[in-house]
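# What would the 3D arrangement of this be:
(3 chains)
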Amino acid sequence: MPELPEVETIANNLAPLIQAKIITNVWTSDLKMRSQLSEIDKQFLPGKRIHNVTRVGKYLVIELLEKYLLVHFGMSGRLIVTQNELSIKRAIHSLKHIHLCLNFGDLVVLYQDPRRFGSVRIISKAGPKTTGELSKFLGIGFEPLSAKFSAEELFYMTRGISRQIKIFLMDGKKIAGVGNIYAAEALFRAGIRPTLPCFKLSVAKCSQLVACLKSVLLKAISKGGSSLRDFSGLSGERGSFVDEHLVYGKKENCVICTADLRRMDIGQRTTTFCPRCQR
DNA sequence: AGTGCGGCCTGTCCGC
DNA sequence: TGCGGACAGGCCGCAC
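Have a look, this model is predicted:
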């Protein structure tokens, strides 16, 4: 389940591999995903050069001269890069759930997504010219690692909001790229109960939460993300941040106070927290 | 406007 | 060993 650190890792790994290269050939499964390339898109891509590979929220942004190719990994999406000694045809036939294949001649980038919650789409730069504008265009909230996302900002954003803080953290229209794993981990590290109504966050708590969210995301990026079930890097390598999860998916006791961790559904998502450390 | 919920998907795991 | 059901959950569309 790629969140910000995983997508950042994918972008960082993919950029040097395909930057300045030209797409020679495109194949799609045409199976229904949240969105997929149209016939026009498919005809457009061949011959186009990759200018840049970045990340906005949980989107992988493959930048061409006139357009953005956006990949959202949903729950189970991943990229696989393969050298072209395997022809496209053989790669598609030997791997299941491939929905997009970008051929660059010397290598092939495959998008694989068993659950098809992901999306692949093309956006014209006629609207959003920069990735900042793209973020606005997509309705994506604050990049949590940007300087603009501060304690003061979070305090301001949460005034008059009654929802539980964990749901707020995971709302991409408010804060970009934070999903179940990093919301749970940041709240644990900040000592904040996931069910706390947003408006009850003090300035001090906002400050802790912003610091913990930033540090947990940065640490995860430095470790290549969390490798859980459906996520692995480009060539199948594992992100090692999974070893540093303190509450997400944990059944052991709290690493700080040894109390039993509690599991509950928050916004239809399983959440683990420490009832003693998180108040 | 803010909020909550259902639906989309299939591989994996667990209990019988 | 085989099978059914629970579970994983980001995002969108919709209703209130």
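
# check contacts around residue A:226.
The contact partners of residue A:226, taken as CB atoms under 8 Å, 6 or more residues apart in numbering, are A:3, A:5-6, A:181, A:220, A:239, A:241-242, A:245. Glycine gets a C-beta too; all of them are placed from N, C-alpha and C.

# if we go to 10 Å?
Residue A:226 is in contact with A:1-3, A:5-6, A:9, A:181-182, A:185, A:220, A:238-245, A:248-249, counting by CB atoms under 10 Å, 6 or more residues apart in numbering.

# Could you list which of the residues you listed belong to helices?
Members of the contacts of residue A:226 lying in helices (criterion: DSSP state H): A:5-6, A:9, A:181-182, A:185, A:220.

# For residue A:264, grab the count of nearby residues.
If you count neighbours by other CB atoms under 10 Å, residue A:264 ends up with 12.

# oh, I was asking about residue A:266
With other CB under 10 Å as criterion, residue A:266 counts 19.

# what's the answer for the one 10 residues further on, then?
Around residue A:276 there are 15 other residues, counting by other CB under 10 Å.

# So which residues on chain A come close to DNA strand C?
Residues of chain A lying close to DNA strand C (CB under 7 Å from any atom of the strand) are A:1, A:3, A:34, A:57-58, A:72, A:74-76, A:115, A:117, A:139, A:170, A:172, A:179-181, A:249, A:268-270.

# let's go with 6 Å and repeat that
Within chain A, the positions adjacent to DNA strand C are A:1, A:58, A:72, A:74-75, A:115, A:117, A:170, A:172, A:179-180, A:269-270 by CB under 6 Å from any atom of the strand.

# Tabulate the ones in helices among the contacts of residue A:226 in JSON lines, adding columns for pLDDT, neighbour count and distance to residue A:65.
Formatted as JSON lines, those follow (pLDDT from 0 to 100; neighbours: other CB atoms under 10 Å; distance: CB to CB, whole Å):
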{"residue": "A:5", "pLDDT": "91", "neighbour count": "28", "distance to residue A:65": "29"}
{"residue": "A:6", "pLDDT": "89", "neighbour count": "32", "distance to residue A:65": "27"}
{"residue": "A:9", "pLDDT": "90", "neighbour count": "26", "distance to residue A:65": "26"}
{"residue": "A:181", "pLDDT": "90", "neighbour count": "24", "distance to residue A:65": "35"}
{"residue": "A:182", "pLDDT": "92", "neighbour count": "26", "distance to residue A:65": "34"}
{"residue": "A:185", "pLDDT": "93", "neighbour count": "25", "distance to residue A:65": "39"}
{"residue": "A:220", "pLDDT": "91", "neighbour count": "26", "distance to residue A:65": "32"}
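
# Could you find which two of these are furthest from each other?
Across these, the longest distance by CB to CB is 16.3 Å; it joins A:9 and A:185.

# where does chain A have low pLDDT?
For chain A, the stretches with pLDDT under 70 are A:84-93, A:227-238.
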